[in-house]
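>>> structural data only, the sequence is not supplied:
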């Protein structure tokens, strides 16, 4: 009887959990601008860090099972355009860039998007987040939600970097 009751309780708990809404291609495809980034290993996202990226564009293919990403990385202080193709497996995307990466896209509002990812460079796994906007600005509420995401994922608030201060790469 206890087993049946426990199974029923577990089923009710699982049914009450909301599945994350799948993003539509129109919510992802387009021009984006990096606003903030954070990582549990801050040196990876500081100026000159291997995971500091200035996102410019996403383009979904095949209902977003493939995602083309265009961004700039600064290599020895010079903006270098990078184009990569990520493949979706389940709810996450996988891509090779400075190691093995997986990431998920989390809508904050109609014009802002958060990305949570993990990078494995063969030695260490680094948790990384980005806050992106369509346009140049975000609201204080967007920033608060982004800070909450970082807290939930174990990334200290003091590790947040403002990318708008150093983004001098082409649009």
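Good, I have the coordinates. Quick caveat, the model's predicted, so the values are computed rather than measured.

>>> from now on I want contacts and neighbour counts done on CA atoms only, so please keep to that.
Fine.

>>> quick check, central residue of the chain?
residue 115 (1.4 Å; C-alpha atoms, centre = their mean).

>>> next one: it from residue 128, what distance?
Going from residue 115 to residue 128 by C-alpha to C-alpha, to the nearest Å gives 8 Å.

>>> ok, now which ones touch the residue nearest to the centre of the chain?
Neighbour list for residue 115: 103, 104, 105, 106, 129, 130, 131 [criterion: C-alpha atoms under 8 Å, 6 or more residues apart in numbering].

>>> list the contacts of the nearest residue in space to residue 29 that is not next to it in sequence.
Nearest in space to residue 29, with sequence neighbours left out and distances taken as C-alpha to C-alpha, 6 or more residues apart in numbering, is residue 59 at 4.5 Å. Counting by C-alpha under 8 Å, 6+ apart, residue 59 touches 28, 29, 30, 67, 68, 69.

>>> could you rerun that using 6 Å?
29, 67, 68 (C-alpha atoms under 6 Å, 6 or more residues apart in numbering).

>>> low-scoring pLDDT stretches of this protein, where are they?
Residue ranges of the chain with pLDDT under 70: 1-23, 136.

>>> would you map the helices across it?
2-16, 25-28, 140-152 (DSSP state H).

>>> before we move on, back to that, report the separation between the residue nearest to the centre of the chain and residue 79.
Distance check for residue 115 against residue 79: by C-alpha to C-alpha, it reads 22 Å.

>>> quick one: distance of the longest strand anywhere in the chain to the chain centre.
Looking across the chain with DSSP state E, the single longest strand is strand 78-89. Taking the mean of its C-alpha atoms, strand 78-89 sits 13 Å from the chain's own mean (C-alpha atoms, centre = their mean, to the nearest Å).

>>> can you check stretch 162-171 too?
In terms of C-alpha atoms, centre = their mean, the centre of stretch 162-171 is found 17 Å from the chain centre.

>>> thank you, goodbye.
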